[in-house]
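>>> when you get a sec, could you give me coordinates for this:
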Amino acid sequence: MKKLQNTLGKPAWMAFALVFVVCLMFGVAIGTAQPVSAAQTATATPTPADVVATPEPSYVGSDTCAACHKDIHETWMGTLHSQAFSSPVFQEDWTKLGSKISCLECHTTGYNAETGKYSEEGVTCESCHGPMQPGHPQNPMPITPDYTLCATCHKSTTDEWRASKHGQANINCEACHNPHSQEPRAESVNALCGNCHKDTGTSFTHGTHANSGLQCTDCHMATAGHTESTGGLFATGHTFSVGSDACINCHKDTVHTRDSILQMSGQSAGTAPSLEELQKQVQEQEQTIQNLESQSSVRLYTGLMQGAIVGLIMGGVAAWVVSRRIRFVEVEENDSEAH
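Down below sits the predicted model:
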């Protein structure tokens, strides 16, 4: 009987241990698992009623900006930006180009390439600052404070500027231009340039032109002008280099006229010769040429005669010397044979 109890005791302990481990593991799983209610709360998708929608920026028009920025708006009204769409120059070029929709990207505000619609004609406040920000004026309007903003439309001008010393020195558009009025940031162009270029030298070019009332841009930004349609792009002179256009724009009637240049320099051109005098000068020059040709022929013949005479004399002397040498050798040979 005692042996039977020992035999049954071993399986019992094994069953107990197995059930104990299983229960222990189950308890650990229960303790570490997130409650159902908490898990549902964490993973539940919020309903539309629980979400506060954030307003998107939208175009409101320049009149809205004018309510607070009246002075800036009035200044902008007289600029080329405000007339970017209504300008007769643009309208003429746009018509020649077949009213290309892509032109509106720069000549309107809020242009949508997908719909072909826009918010407002011209380059308005929101063209540079972007659509109205929700909560403005508490939330400021964004702006890009360098040339990259202007380059979105002024591509040819920006390319010229990059090639200039201004571009190499990273002197951006806003350093010279007031973005709202598009006027120089000084009372005049010369005053603006003089902020950096203190000493322009005492050269003839700077002295006489400055005394004539010319501005720096008259020469350093001279261009041929907008004379024909070029797809909306043409030179604006932002390389600031002085080329032939600068001279021709003012001196087109005198740049190749000798008399005018002499008068400007204080010299006298004299009286122009008559036709008869010119013909007489031509005849005299032709006679001089003939005389020179005759003299050349005479010199040639004279040289030939002189050469012939000298050749005869020198040839005779040479022949006599050689003949005498031969005779002398023959005499000596005869004497040798006789002995």
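>>> how much space separates E120 from C65?
11 Å (CB to CB, to the nearest Å). Quick note: C-beta positions are derived from backbone N, CA and C, even for glycine.
>>> ah, wrong one, I meant H107
Taking CB to CB, one finds H107 at 19 Å from C65.
>>> look at these two and report which has more neighbours.
H107 (23 against 20; other CB atoms under 10 Å).
>>> mind listing the shared neighbours of E120 and C65?
The overlap between the contact sets of E120 and C65 (CB atoms under 8 Å, 6 or more residues apart in numbering) consists of E126.
>>> burial of V321, as a residue count?
9.
>>> please apply the same query to V322.
9.
>>> average pLDDT across the strand or helix carrying it?
Assigned by DSSP states H and E, V322 falls within helix 275-338. Averaged over helix 275-338, pLDDT sits at 76.
>>> show me what contacts A246?
Going by CB under 8 Å, 6+ apart, the list of residues near A246 reads D218, C219, H220, A222.
>>> now do 7 Å
By CB atoms under 7 Å, 6 or more residues apart in numbering, A246 lies in contact with C219, A222.
>>> L233 now?
K155, S156.
>>> against E160, how distant is it?
11 Å.
>>> how about L214?
21 Å.
>>> looking at these two, which one has more neighbours?
Neighbour totals were compared for L214 and E160, and E160 leads with 21 against 15 (other CB under 10 Å).
>>> hang on, the more buried one in a helix?
Yes. Counting by DSSP: H, G, I helix; E, B strand; the rest coil, E160 falls inside a helix.
>>> mind pulling up the phi and psi values for the nearest residue to it once chain neighbours are set aside?
Computed as CB to CB, 6 or more residues apart in numbering, the closest residue to E160 that is not its neighbour in sequence is H238, at 3.9 Å. When read as degrees, to the nearest 10, the backbone of H238 gives phi -80, psi 10.
>>> could you do H73 as well?
phi -60, psi -40.
>>> quick one, helices of the stretch 1-150 of the chain?
2-32, 36-43, 62-66, 70-77, 88-96, 104-107, 125-129, 147-151 (DSSP state H, counting those that start in this stretch).
>>> quickly, which of these bottoms out on average pLDDT?
helix 36-43 (a mean of 42).
>>> for K100, grab the count of nearby residues.
As a burial measure, K100 scores 13 neighbours (other CB under 10 Å).
>>> again, but for C216
Burial measure for C216: 20 neighbouring residues, criterion other CB under 10 Å.
>>> separation between it and H251?
From C216 across to H251, the span is 18 Å (CB to CB).
>>> same deal with C128?
Distance from C128 to H251, by CB to CB: 40 Å.
>>> quick one, which of the two is more surrounded?
C128 (19 against 14).
>>> surely that one touches C150?
No. The criterion here is CB atoms under 7 Å, and C128 misses it with C150 at 8.8 Å.
>>> show me where pLDDT drops low in the stretch 101-250 of the chain?
201-205, 224-232 (pLDDT under 70).
>>> mind listing the strands for it?
Per DSSP state E, counting those that start in this stretch, the stretch 101-250 of the chain carries strands over the ranges 108-109, 120-121.
>>> need the contact partners of the first one.
Read that as strand 108-109. Contacts for strand 108-109 (CB under 7 Å, 6+ apart): Y59, F85, Y118, S119, E120, E121, G122, V123, T124, E126, S127.
>>> partner strands of it, parallel or antiparallel?
strand 120-121 (antiparallel) (DSSP bridges).
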